[in-house]
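*Asks:* After the sequence you'll find the predicted model.
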Amino acid sequence: MASRSTSPGKIILFGEHAVVYGRPALAIPVTQVHADVEVSDSSRAGIWIQAPDVNLHAELNTLPSDHPIASVIHNFLFLWRVSPFPNLEIKISSTIPVASGLGSGAAVTVALTRALASHLDHPMTDEQVNAFAYEIEKLHHGTPSGIDNTVVTYAKPVYFIKGQPIEIFKVGAPFTIVIGDTGISAPTKESVGDVRKLWEADKTKWESVFDKVGRIANKAKEAIESDSTTLESDSLLSNTLGELMNENHALLQEMTVSSPELDRLVSAARNEGAMGAKLSGGGRGGNMIALVEPERAEEVSSALMAAGAKRTLITMVS
Ligand code: PMV
């Protein structure tokens, strides 16, 4: 019998990069895209991995041990002291664009971990899956904050502060986000490394920039959690959030993690009536997000395509 698991993509709404330095960030799952893993017993010897999206058809031991998929399997087998190795077929597919800030790596790790846990009968709590996925993220991404694995594991909107217990935030009034993909794959490790160089060269300056980002994330959480009855109107909520997105984007530009392509998409969204827009994730490429009135979502999405986006997604946060 096969064991299956699926994990959503994610986007960061507020606070990327500053979150690495202990400031809060907000992230949400994006269920329109997902990673799916199926583990079953194999009649042939070995652990066979099929991941057609990344053109991978191989036996585990033929892969370098730092290969992202192989490292999940090796670490899982080591964690649970599985010996001898079972004969398995592992099928991995994902609709989450790679290296674009949508959490594809974390989603594959979490789905693969859960499918292995279920198939090999080593039940894992969400906390255990999250801690395991964080160790894997650290192998590949240098000094990640842990926000990706956390939002993907819990598949809920998360208010995240590195090293603190996770907090799920509630959404008072649903809102609509358009995600625009530059199509440029940009390794998060590099932008995180560049921000670290800036910080090392002038800690006072960058600590204060990160503080500003942290305040934006906290204000955004407050706005998102308040329902429309405590605000004059839904549009007040949206305007506040939109303005906070714009402020956050300006600070990310200051951190040098935006790019001409991202800025072009951010401007196109704002010009088409989005209430705010910013890059999302590591930056330099990958995705941007725009807050829109639901009835403007299609127009903003078309404007993003016209401005060079490779694809767009419309997602409702509720
Ligand atoms: O590029 P993404 O979506 O994986 O986001 C990375 C978020 C950063 O804050 C830039 C890094 C981190 O580890 O939190």
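*Replies:* Arrived safely. For clarity, every value in this text was computed on a predicted model and none was experimentally measured. Numbering: from 1, shown residues only.
*Asks:* got the residues of the stretch 51-200 of the chain near the ligand?
*Replies:* Contact residues (C-beta under 6 Å from any ligand atom) of the stretch 51-200 of the chain with the ligand: 101, 103, 144-145, 147-148, 188, 192. From N, CA and C alone the C-beta is placed, and that goes for glycine too.
*Asks:* Which of those fall in helices?
*Replies:* Using DSSP state H, the subset of these located in helices is 147-148, 188, 192.
*Asks:* Go through the chain and flag its longest helix.
*Replies:* Once the chain is assigned using DSSP H, the helix that runs over the most residues is helix 203-225.
*Asks:* packing partners for the following helix or strand past it?
*Replies:* Per DSSP states H and E, helix 203-225 leads on to helix 234-254 as the next helix or strand towards the C-terminus. Where contact means 3 or more C-beta pairs under 8 Å, 6 or more residues apart in numbering; DSSP states H and E, helix 234-254 is packed against strand 3-14, strand 175-181, helix 203-225, helix 260-271, strand 276-280, strand 287-292.
*Asks:* switch to 6 Å and redo it
*Replies:* Packed against helix 234-254, as judged by 3 or more C-beta pairs under 6 Å, 6 or more residues apart in numbering; DSSP states H and E, are the following elements: helix 203-225, strand 276-280, strand 287-292.
*Asks:* Please write out the alpha-carbon positions of that helix in CSV.
*Replies:* C-alpha atoms of helix 234-254 as CSV (Å, rounded to 0.1, in the frame of the first residue of the first chain):
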residue,chain,number,x,y,z
ASP,A,234,-13.0,46.7,4.9
SER,A,235,-11.3,49.2,2.7
LEU,A,236,-9.7,50.9,5.7
LEU,A,237,-8.2,47.5,6.5
SER,A,238,-7.0,47.1,3.0
ASN,A,239,-5.6,50.5,2.7
THR,A,240,-3.7,50.1,5.9
LEU,A,241,-2.3,46.7,4.8
GLY,A,242,-1.6,48.0,1.3
GLU,A,243,0.3,51.0,2.7
LEU,A,244,2.3,48.7,5.0
MET,A,245,3.2,46.5,2.0
ASN,A,246,4.5,49.5,0.1
GLU,A,247,6.6,50.6,3.1
ASN,A,248,8.0,47.1,3.5
HIS,A,249,8.9,47.0,-0.2
ALA,A,250,10.8,50.2,0.2
LEU,A,251,12.8,48.8,3.0
LEU,A,252,13.6,45.6,1.0
GLN,A,253,14.8,47.8,-1.8
GLU,A,254,17.1,49.5,0.7
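*Asks:* Contacts for it next, please.
*Replies:* With contact meaning C-beta atoms under 6 Å, 6 or more residues apart in numbering, helix 234-254 is reached by 14, 173, 209, 212-213, 216, 219-220, 223, 228, 231, 258, 266, 275-279, 291.
*Asks:* What's the separation between the residue lying closest to residue 174 once chain neighbours are set aside and residue 188?
*Replies:* Spatially, and ignoring its direct neighbours in sequence, residue 174 is nearest to residue 318 (3.8 Å; C-beta to C-beta, 6 or more residues apart in numbering). In this view, residue 318 and residue 188 are 27 Å apart by C-beta to C-beta, to the nearest Å.
*Asks:* residue ranges with poor pLDDT in the stretch 101-250 of the chain?
*Replies:* Scanning the stretch 101-250 of the chain for pLDDT under 70 picks out 227-238.
*Asks:* other SSEs contacting the strand or helix carrying residue 111?
*Replies:* Element membership for residue 111 (DSSP H and E) is helix 104-119. Judged by 3+ C-beta pairs under 6 Å, 6+ apart, helix 104-119 is in contact with strand 3-14, strand 25-41, helix 68-79, helix 126-141, helix 147-154.
*Asks:* which helices and strands does the second one pack with?
*Replies:* Applying 3+ C-beta pairs under 6 Å, 6+ apart, we find strand 25-41 packed against strand 3-14, strand 88-94, helix 104-119, helix 147-154, strand 158-160, helix 203-225, strand 311-317.
*Asks:* which residues sit in contact with residue 112?
*Replies:* By C-beta under 6 Å, 6+ apart, the contact list for residue 112 reads 37, 72.
*Asks:* now it: how far from residue 124?
*Replies:* With C-beta to C-beta as the criterion, residue 112 and residue 124 are 12 Å apart.
*Asks:* Residue 293 too?
*Replies:* Distance from residue 293 to residue 124, by C-beta to C-beta: 41 Å.
*Asks:* now do residue 151
*Replies:* With distances taken as C-beta to C-beta, residue 151 is found 18 Å from residue 124.
*Asks:* Please say which of these two ends up with more neighbours.
*Replies:* Using other C-beta atoms under 10 Å, the more surrounded residue of residue 151 and residue 124 is residue 151, with 30 against 18.
*Asks:* got the buried residues for stretch 80-93?
*Replies:* By 16 or more other C-beta atoms under 10 Å, the buried positions in stretch 80-93 come out as 88-93.
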